[in-house]
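Undergrad: Okay, structure incoming, though there's no sequence with it:
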């Protein structure tokens with residue numbers, strides 16, 4: 001796939017960021033024109049197990065859907081985990097824009113802070129300071145395939161609405177599909193099949209619900 005020349009110019013910058021931060025720093029560039037295969041450059045990809053041709057994360061998709069780039073140049077220092085949960089990462093995302101202000105890519109930096117957090121816990125145990133954990137739930141999950149990302153978004157939406165997929169009514173499923181569309185799920189190739197499988201309905205039903213939603 002041919003990449004935007006403005007994205008290619010960021011490849012040396014990604015290499016530079018990784019070089020000055022060391023082997024615990026993963027840096028990658030996403031091309032948002034193909035969300036299912038958005039990773040077009042990656043350094044130290046072994047941290048999350050990702051490689052060129054991998055997909056965007058659910059959290060990065062959420063940033064795009066909410067159009068955070070309209071008011072921000074970047075989103076910095078949020079936490080995420082690998083799919084296995086064995087690694088905790090401190091992450092930042094920079095919006096790469098065209099001259100017209102349109103987002104064409106993302107420059108993402110993920111630093112593995114797992115060992116640092118363990119050291120912090122050990123120090124706190126020695127100091128015997130009782131501190132409440134005020135950290136929010138990690139918003140981003142890495143190293144997932146498209147099916148996993150779609151399922152993750154569905155799970156988050158159903159939890160927000162308090163729905164049981166098995167027992168949900170037709171109207172609830174319609175509302176769920178409408179919400180999934182608003183969050184960009186159907187921008188992934190094959191997402192209709194994934195959603196149909198999770199909801200236990202046919203792909204034709206999903207397309208019908210989407211058509212009804214667009215008419216409303």
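TA: Received it, and whenever you're ready, just let me know what you need. Keep in mind the model is a prediction, meaning the values are calculated, not measured. Numbers count the residues shown, from 1 in each chain.

Undergrad: how many neighbours does residue 175 have?
TA: 17 (other C-beta atoms under 10 Å). The C-beta positions use only the backbone N, C-alpha and C, and glycine is treated the same way.

Undergrad: How about the spatially most central residue of the chain, nearest residue that isn't a chain neighbour?
TA: Most central in the chain under C-alpha atoms, centre = their mean is residue 57, positioned 2.3 Å from the mean C-alpha point. With sequence-adjacent residues excluded and distances taken as C-beta to C-beta, 6 or more residues apart in numbering, residue 57 is closest to residue 140, at 5.5 Å.

Undergrad: list the contacts for the one you found?
TA: Residue 140 makes contact with 57-60, 78-81, 89, 91, according to C-beta atoms under 8 Å, 6 or more residues apart in numbering.

Undergrad: can you count the residues close to residue 25?
TA: Residue 25: 19 surrounding residues under other C-beta under 10 Å.

Undergrad: And for the one 5 residues further on?
TA: Residues contacting residue 30 under the criterion other C-beta under 10 Å number 29.

Undergrad: Then residue 79?
TA: As a burial measure, residue 79 scores 16 neighbours (other C-beta under 10 Å).

Undergrad: Helix, strand, or coil at it?
TA: Classification of residue 79 by DSSP: H, G, I helix; E, B strand; the rest coil places it in strand.

Undergrad: returning to what we had before: buried subset of the contacts of residue 140?
TA: Neighbour counting with 16 or more other C-beta atoms under 10 Å marks 57-60, 79-81, 89, 91 as buried within the contacts of residue 140.

Undergrad: Just send these back as TSV, with distance to residue 68 too.
TA: Compiled in TSV, the buried ones among the contacts of residue 140 are given as follows (distance: C-beta to C-beta, whole Å):
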residue	distance to residue 68
57	14
58	14
59	11
60	10
79	17
80	16
81	21
89	19
91	14
